[in-house]
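*Asks:* missing the sequence, but the structure's below:
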C-alpha cells in the first residue's frame, strides 16, 4: 500500500522568547518531499505573561502546586500560536484546507534533565486541544514528556529530521547540523548510521540577556558588538568547567543553565558580547571534535551572528555553511521539524533514540488531539 504524504504544519517558539515560527512541509514521516509556506510572528514587547511564567517556573521547579502564572502563560502561548497560524492562512488562501496535521511544540519554560539516576522533568506551555478546536485540524503536542518519563533527556528532538534533510539535499559523509537558538545543539549524521546528538551549551540566550541588561536591544544585530570586542578566554575556559559540560553525551540543557552574567560585571558591552559569542562557539566545537565532521550546517538565529560563525569556523576542521547554502530555510527549520515529528507520531514512528536523548530504546512521543 502506498504511503500517505501529509501536508503538515509545525510551530516553534524557542527559549529566546522572540516569537513563533510556523512552517509547512510535505512528508510521509520518513522522507521530506517539499517545503511549503512559512512565517514568523514576533512577540515584540507583549510577553509580560510569558516572562512571568518563566520566572515562576524557575522558582517552582515542580515542587508543590503549580503557580497560577503558568496558566496565564499557557493561554498567552496558545493565543500567539493561533495568531501565527491565522496570519499564515490569511496570506495563503486555501492552505488551511490542505493541512492534515499541526505539530505544536509549545513554549518551554523549565527543563530539568535526569541526573544521578533520577528522571528529569520538562514543562512546555500550551494545549494542543486549543489549536485543534480553533482550526478543526488534528494536533500533536507535548513531544518531550514521554521521553523524559522513560529516562531520556527529552532533547534534542530534531535530529531525525536533520537526517531526513541530509538525504533530501544529498549531503554525504560526516555532517554536523548545528542549531543555535537560546541553547545550542548538534546532530551528527553519517549516512544511515545511528544518530548522535546533544545539547552543546549556550546559544544566543546569554548574549541576548547581556544585550537586554545593557539596554542595547534584545539581541546583537549582525554581531556588531560581538565583532567589536575582545574575548576573555580565561573567563570562557572557566565557564566551560561548569557541571553541564562534564555530563556525558547526550545531555540536555535549559537556557538558564548558562547564567554567567553575574561573572561579567566588570566587562564592557563589546568585550562581554565577544566573550559570550566565544563561549557559544567553543561549547559547540568541543562536542563536535571527537566526530570531526566534514560539513557543518548551521541553522537557528545564531547563524546571523558573523562573530559566532567566524569563531566556529576557527575552532573546527569542517566546512562551515549556513542552512541556506544547502537549500534549507534556517529560520523555519525547527518549526518544520515539529511538522515532521507530528507525522511520525501519527504513524507511530520513533522520534527519540539512545544516541540523541539517552533513552533506552527508540520511542515515539507526543499527544494526538482531534477537533
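*Replies:* That came through, no problem. In this text, all values refer to a predicted model and were calculated from it rather than measured experimentally.
*Asks:* Can you tell me the SS state at the residue nearest to residue 219 when sequence neighbours are not counted?
*Replies:* For residue 219, ignoring the flanking residues on the chain, the nearest one in space by Cβ to Cβ, 6 or more residues apart in numbering is residue 208 at 4.9 Å. Where you see a C-beta, it was placed from the backbone N, CA and C, and this is true even at glycine. In three-state terms, and counting by DSSP: H, G, I helix; E, B strand; the rest coil, residue 208 is helix.
*Asks:* Would you confirm that residue 208 contacts residue 216?
*Replies:* No - taking contacts as Cβ atoms under 8 Å, residue 208 lies outside contact range of residue 216: 11.0 Å.
*Asks:* So which of the two has more stuff around it?
*Replies:* With neighbours defined as other Cβ atoms under 10 Å, residue 208 and residue 216 compare such that residue 208 has more, 22 against 15.
*Asks:* tell me the helices in the stretch 101-250 of the chain, going along the chain?
*Replies:* Assigned by DSSP state H, counting those that start in this stretch, the helices in the stretch 101-250 of the chain fall at 128-135, 145-149, 159-168, 205-213, 224-228, 233-239, 243-246.
*Asks:* closest one to residue 273 among those?
*Replies:* Evaluated with Cβ to Cβ, those place helix 224-228 nearest to residue 273, the distance being 4.0 Å.
*Asks:* Can you give the distance of the closest one from its chain's centre?
*Replies:* Its chain's C-alpha centre and that of helix 224-228 lie 24 Å apart, by Cα atoms, centre = their mean, to the nearest Å.
*Asks:* for stretch 334-341, same thing?
*Replies:* 10 Å.
*Asks:* Go ahead and name everything in contact with stretch 283-296.
*Replies:* Outside of stretch 283-296, the residues within contact range by Cβ atoms under 8 Å, 6 or more residues apart in numbering are 171, 173-176, 178, 180, 184, 186, 188, 196, 198, 200-202, 240, 245, 249, 312, 315-321.
*Asks:* Return the members of those classed as buried.
*Replies:* Buried members of the contacts of stretch 283-296, counted by 16 or more other Cβ atoms under 10 Å: 171, 174-176, 178, 180, 184, 186, 188, 196, 198, 200-202, 245, 249, 312, 315-316, 318, 320-321.
*Asks:* Strands - which of those land there?
*Replies:* 174-176, 178, 180, 184, 186, 188, 196, 198, 200-202, 320-321 (DSSP state E).
*Asks:* So which bits of whatever helix or strand residue 281 lives in are buried?
*Replies:* Using DSSP states H and E, residue 281 sits within helix 269-289. By 16+ other Cβ under 10 Å, the buried positions in helix 269-289 come out as 269-285, 287-288.
*Asks:* Ok, stretch 43-63 next?
*Replies:* Going by neighbour count (16+ other Cβ under 10 Å), the buried part of stretch 43-63 is 43, 47, 49-50, 52-54, 56-57, 60.
*Asks:* Between these, which sits nearest residue 260?
*Replies:* Using Cβ to Cβ, residue 54 comes nearest to residue 260 of the buried residues of stretch 43-63, at 18.1 Å.
*Asks:* wait, isn't residue 182 in contact with residue 255?
*Replies:* Yes - shown here, residue 182 and residue 255 form a contact pair, counting by Cβ under 8 Å, at 4.2 Å.
*Asks:* For the closest residue to residue 347 other than its chain neighbours, give me its contacts.
*Replies:* Computed as Cβ to Cβ, 6+ apart, the closest residue to residue 347 that is not its neighbour in sequence is residue 29, at 4.6 Å. Applying Cβ under 8 Å, 6+ apart, we find residue 29 in contact with 6, 340, 343-344, 346-347, 349.
*Asks:* Present the residues you listed as a markdown table; the columns should include secondary structure, distance to residue 66 and pLDDT.
*Replies:* Converted to a markdown table, these look like this (DSSP: H, G, I helix; E, B strand; the rest coil; distance: Cβ to Cβ, whole Å; pLDDT from 0 to 100):
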| residue | secondary structure | distance to residue 66 | pLDDT |
| --- | --- | --- | --- |
| 6 | strand | 34 | 98 |
| 340 | helix | 31 | 98 |
| 343 | helix | 31 | 98 |
| 344 | helix | 30 | 98 |
| 346 | helix | 30 | 97 |
| 347 | coil | 33 | 97 |
| 349 | coil | 32 | 97 |
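*Asks:* how about these in TSV, adding neighbour count and distance to residue 124?
*Replies:* Formatted as TSV, the contacts of residue 29 follow (neighbours: other Cβ atoms under 10 Å; distance: Cβ to Cβ, whole Å):
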residue	neighbour count	distance to residue 124
6	22	22
340	28	18
343	25	19
344	25	18
346	20	19
347	14	22
349	15	21
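*Asks:* Between the ones in strands among the buried ones among the contacts of stretch 283-296, which sits nearest residue 298?
*Replies:* For these, the minimum distance to residue 298 (Cβ to Cβ) is 4.8 Å, reached by residue 178.
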